[in-house]
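Enquirer: Turn this into a structure:
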Amino acid sequence: MFPASPPQAHPATRLWQVERDGNPLRRFGHVSPFIGKLAPVDARSLDQIGLLTRMALPDLPEPTLVIGMTESSLLLAFFMARWQQKPVDLKFTTRQIRQSEAKIDFREPHSHGPQHFLALEPGKQYAQIVVIEDELTTGATLRNLLLALENVSKRVFVATLRDLRPQSMRDDLTNELAEHGIELETLALESLDVSLDEDIIPVCPIFNPFGRLENDRVAALETLQNEFAEFKPGAIYMIGECVDIALQFALQLPEDERPELRQITRSPWKVDGDHVHSAYKFASDGTGSNYFIYNFVPPQNGRVLWIGETSNSVVGAQAEEFLKSQGVESRGILVAGG
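Expert: Numbers count the residues shown, from 1 in each chain. From the prediction side, this is the model:
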């Protein structure tokens, strides 16, 4: 069973245990309640995680590469990066083959989508890498990523909400990476005893974590701004990995004007009546994975704007049909480059 959180754990580092559906490689998973998969995005809690990570890390010399692992750690990494007081390069791993010419690839051994890619500037090196994770169970995916980044940086911090690995497994990874000249330090945020400096304020520079073509990124953001002003949705639904444009837009709004943010996710979980009360499944978009809306509650004004990659068009159309059946009016935005 999921071990109890330590008494001093920060409330924002909370994880829920959910049972996987149809994944023989992993019976249970753990998910943050704040990232939009089972409930609307809780920006205040995510900001607390960002600030907690900022206080836990040492003063980082530039340049720093921050990596969010698809899908569950993308929002965690975005919020962490915006709380850094020095510029960082924020990159998201992806299961899609995107336009960027410079990619590394690695495998996630216990997933429905095992092949991952990461867009990086060719030949660029960093003083350190900060990898953001929601939970570490075996560290196998992390290992594969860090070995693929061997020539990018020799200093790595991993910030995770919870580290579930036995000490022997932690030591094995640290020692293996040391043989490659990589210095690894893991920060389990729930067990850190640090004082939060409330005088620090977040910054939100322009992040392009998938390495989208600039024209595509700007066009998507402008379309979202225009649709939001005209349609006035009560919620924005982000399909799969397509979270970067919505976050960039929503976090620039005053807090009381932000729409509800939800994620249509590829994570297959069983309805357990505890954390997962309902599930609506959308058929595969051609990538071999289904998509899901969990714990659906219509927004108060009955209008939803969804945003996804061009490759998510089938899922977007199904989402519109579902929302219509629930008495919700919807519009969609497709972002080029996915």
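Enquirer: Surely Asn301 touches Phe231?
Expert: No - with contact defined as Cβ atoms under 8 Å, Asn301 and Phe231 do not form a contacting pair (10.2 Å). The way it works is simple: take the backbone N, C-alpha and C, and place the C-beta from them, glycine included.
Enquirer: Distance check, Ser289 against Gly22.
Expert: Counting by Cβ to Cβ, to the nearest Å, the separation of Ser289 from Gly22 is 11 Å.
Enquirer: neighbour count winner among the two?
Expert: Under the criterion of other Cβ atoms under 10 Å, the comparison of Ser289 against Gly22 puts Ser289 first, with 19 against 9.
Enquirer: my guess is the more buried one contacts Arg266, does it?
Expert: Yes - between Ser289 and Arg266 there is a contact under Cβ under 8 Å: 4.7 Å.
Enquirer: Find the nearest non-adjacent residue to Gly234, please.
Expert: Pro299 (3.0 Å; Cβ to Cβ, 6 or more residues apart in numbering).
Enquirer: contacting residues for that neighbour?
Expert: 233-235, 259-260, 328 (Cβ atoms under 8 Å, 6 or more residues apart in numbering).
Enquirer: still on that earlier bit, residues shared between the contacts of Ser289 and Gly22?
Expert: Common contacts of Ser289 and Gly22 (Cβ under 8 Å, 6+ apart): none found.
Enquirer: counting contacts, what elements does the one helix or strand Lys91 maps to pack onto?
Expert: Secondary-structure assignment from DSSP states H and E places Lys91 in strand 89-92. Judged by 3 or more Cβ pairs under 8 Å, 6 or more residues apart in numbering; DSSP states H and E, strand 89-92 is in contact with strand 64-68, helix 74-82, strand 115-119.
Enquirer: that older thread, now the common contact residues for Asn301 and Phe231.
Expert: Residues touching both Asn301 and Phe231 by Cβ under 8 Å, 6+ apart: none at all.
Enquirer: hang on, the earlier thing: helix, strand or coil for the residue nearest to Gly234?
Expert: Recorded secondary structure, Pro299: coil (DSSP: H, G, I helix; E, B strand; the rest coil).
Enquirer: pLDDT at it, what is it?
Expert: On pLDDT, Pro299 comes in at 96.
Enquirer: now swap in the one 10 residues further on and tell me
Expert: At Glu309 the predicted local distance difference test score is 92.
Enquirer: so it makes contact with Ile333?
Expert: No - here Glu309 does not reach Ile333: they are 10.3 Å apart, not a contact under Cβ under 8 Å.
Enquirer: higher neighbour count, those two?
Expert: A count of neighbours by other Cβ under 10 Å puts Glu309 above the other of Glu309 and Ile333, at 24 against 20.
Enquirer: Comparing the helices and strands packed on strand 89-92, which yields the minimum mean pLDDT?
Expert: strand 115-119 (a mean of 82).
Enquirer: Helices of the stretch 51-200 of the chain, start to end?
Expert: With helices called from DSSP state H, counting those that start in this stretch, the stretch 51-200 of the chain shows them at 74-82, 140-148, 167-179.
Enquirer: contact partners of the longest one?
Expert: For helix 167-179, contacts defined as Cβ under 8 Å, 6+ apart pick out 138-139, 142-143, 146-147, 156, 163, 183-184, 186.
Enquirer: Apply 6 Å and report the result again.
Expert: Contacts of helix 167-179 with the rest of the structure, by Cβ atoms under 6 Å, 6 or more residues apart in numbering, involve 139, 143, 184.
Enquirer: Now do the last one, the pLDDT please.
Expert: Looking at Leu184, its pLDDT reads 97.
Enquirer: quick one, what contacts it?
Expert: Per Cβ under 6 Å, 6+ apart, neighbours of Leu184: 156, 174, 177.
Enquirer: By neighbours, which of those residues wins?
Expert: Neighbour max across those (other Cβ under 10 Å) = Val156, 23 neighbours.
Enquirer: which SS state does Glu321 fall under?
Expert: Per three-state DSSP, Glu321 ends up helix.
Enquirer: measure it to Val314 for me?
Expert: 11 Å.
Enquirer: try Tyr280
Expert: Tyr280 sits 15 Å away from Val314, going by Cβ to Cβ.
Enquirer: repeat for Gln252
Expert: 30 Å.
Enquirer: Show me which of the two is the more surrounded one.
Expert: Under the criterion of other Cβ under 10 Å, the comparison of Gln252 against Val314 puts Val314 first, with 15 against 11.
Enquirer: neighbours around the nearest residue to Glu214 once chain neighbours are set aside, how many?
Expert: Nearest residue to Glu214, sequence neighbours excluded (Cβ to Cβ, 6+ apart): Asn208, at 7.7 Å. Using other Cβ under 10 Å, Asn208 has 19 neighbouring residues.
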